[in-house]
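> Show me the folded form of this:
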Amino acid sequence: MQHLIEGSSQTVLPPSPYPTLPIEILDSVLRCVQSRDDIRNVTISNKHLSAVAVRVLYHTIRLEKPMESVKCLRILSQNTRLALLVRSLDIHWPFISYPTRNMYTLAIRALCNTTLLNTLSIDGPTDFHPWDLSECSFQLKKFSASFPYDDSLIRFLEAQPSLLDLTLRGFNSDPAKFSLNLSTFNLNPNPTPFSLSPGALPRLSRLRAIHAGPDIIASILEGRPVTQVSMPLYADCVYRSLHVLNMSSEPIERLNIISFDPNAPVYLLDEIASRLPNLEALHIVILLAQCSEYLTYMSATSSDDVSQDDEQKIAAMWHKSCPTLKTIILPMGKVWFIDNSKWMCLEES
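Reported below is the predicted structural model:
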């Protein structure tokens with residue numbers, strides 16, 4: 001039926017029960033919605049929009065609160081159709097007290113159903129281990145976990161030939177036996193053996209080994225095309241840790257380091273430069289050492305219209321909020337430093 005607006009010859013069609021926009025556009029629009037509650041409301045607003053909204057709702061899931069986690073995992077373990085929609089799953093339970101065996105079993109059942117998963121992150125209490133993922137058939141591209149470095153982790157990694165990005169936050173030795181004082185932080189001298197087969201992880205390109213020593217990093221890097229590494233440097237094995245960076249089959253291009261050696265400022269840059277000539281990006285955090293605080297600010301937008309006076313005012317305002325800040329590098333590459341309570345540009349000195 002057509003209706004005419006009074007005083008006009010314009011034809012107005014009645015509302016259509018079907019979406020007039022292509023499914024791809026509706027999907028893109030819903031992916032821009034920040035509130036998951038709003039997406040849930042869309043799932044019950046219209047049966048045609050519901051299918052699109054459900055796909056968006058289950059595409060990326062982050063589980064934190066116990067009751068919400070149980071409810072979601074129960075749905076995924078019982079409804080294969082919904083489980084197949086999940087592409088990214090983040091189980092974030094580091095502070096859950098007294099995890100039960102039933103909760104762990106429920107999580108495994110849900111993971112076994114998410115066969116099209118490509119991104120998985122598991123951060124749980126240390127007494128919530130081992131996670132036996134051997135029955136899961138998904139092929140991940142990105143994996144992050146707080147698992148200890150043991151045989152179960154090795155078996156899982158051996159079964160993930162598509163993995164590109166690996167983050168391991170576990171310890172390869174007992175943290176209670178670490179040596180920590182005001183001048184040093186050393187690993188347990190007897191780390192757990194960790195050995196991957198040569199054919200494992202053939203496509204790995206990015207490794208973050210948050211607490212690992214050189215033996216672990218060497219086992220993962222050797223012969224694999226890793227170009228981006230994040231790693232710690234402990235005082236008792238600095239040179240071995242830096243040496244293993246040359247074991248990758250591709251040159252290291254990006255390197256992030258957290259150093260626990262108080263003497264690192266004396267030698268670290270020279271040692272890195274001599275070993276990694278193809279390095280494009282370097283980020284170093286030095287703990288247990290006396291260093292002036294500095295800030296580097298990078299931007300993808302042009303700063304041509306920002307005057308030098310404006311940059312000086314920006315530096316002064318940042319320093320006011322952070323009095324220990326001594327040096328600032330702004331997007332155009334100008335270095336600002338404080339001299340006798342006044343911010344000066346290196347070009348002026």
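
> alpha carbons only for contacts and neighbour counts from here, please
Fine.

> would you list every one of the helices in this structure?
Ranges of helices within the chain are 23-31, 36-43, 47-59, 66-78, 80-83, 101-113, 151-158, 214-221, 238-243, 264-275, 308-321, based on DSSP state H.

> Find the one among those helices with the highest mean neighbour count.
Greatest average neighbour count among those goes to helix 214-221 (a mean of 22), per mean count of other Cα atoms under 10 Å.

> And that helix, how far out from the chain middle?
Distance of helix 214-221 from the chain centroid (Cα atoms, centre = their mean, to the nearest Å) equals 20 Å.

> and that helix, average pLDDT?
Averaged over helix 214-221, pLDDT sits at 92.

> Pull the residues that contact it.
172, 193-196, 209, 237, 240-241, 244-245, 247-248 (Cα atoms under 8 Å, 6 or more residues apart in numbering).

> just the CA coordinates of that helix, formatted as CSV?
Output of helix 214-221 as CSV, limited to C-alpha atoms (Å, rounded to 0.1, in the frame of the first residue of the first chain):
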residue,chain,number,x,y,z
PRO,A,214,67.6,-17.3,27.6
ASP,A,215,67.1,-21.1,27.3
ILE,A,216,63.3,-20.7,26.8
ILE,A,217,63.7,-17.9,24.3
ALA,A,218,66.4,-19.8,22.4
SER,A,219,64.1,-22.9,22.2
ILE,A,220,61.3,-20.7,20.7
LEU,A,221,63.4,-18.5,18.4
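
> Make CSV out of the helices of the chain and add distance to W93.
CSV is the format used below for those (distance: least, Cα to Cα, whole Å):
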stretch, distance to W93
helix 23-31, 25
helix 36-43, 20
helix 47-59, 19
helix 66-78, 8
helix 80-83, 20
helix 101-113, 11
helix 151-158, 19
helix 214-221, 25
helix 238-243, 31
helix 264-275, 35
helix 308-321, 34
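
> M344: which of the ones you listed is closest?
helix 308-321 (7.5 Å; Cα to Cα).

> for that closest one, packing partners?
Helix 308-321 sits against strand 325-329, strand 342-345, with contacts defined as 3 or more Cα pairs under 8 Å, 6 or more residues apart in numbering; DSSP states H and E.

> Partner strands of the longest one and their direction?
Partner strands and pairing direction for strand 325-329 (DSSP bridges) are strand 293-296 (parallel), strand 335-339 (antiparallel).

> looking at those, which has the lowest confidence?
For the strands paired with strand 325-329, where the average pLDDT is lowest is strand 293-296, sitting at a mean of 58.

> who wins for most neighbours among the contacts of helix 214-221?
L245 (24 neighbours; other Cα atoms under 10 Å).

> That one: what's it in contact with?
Applying Cα under 8 Å, 6+ apart, the residues contacting L245 are 218, 221, 252.

> can you check E253 too?
227-228, 278-281.

> Now, of those residues, which are buried?
Buried by 16 or more other Cα atoms under 10 Å: 227-228, 279, out of these.

> Pick out whichever of those sits closest to K334.
Once Cα to Cα is applied, the member of the buried ones among the contacts of E253 that ends up nearest K334 is L279, at 22.2 Å.

> so what's the closest one up against?
Contacts of L279 by Cα under 8 Å, 6+ apart are 251-255.

> That one and R206, how far apart?
Distance of L279 to R206, given as Cα to Cα, to the nearest Å: 14 Å.
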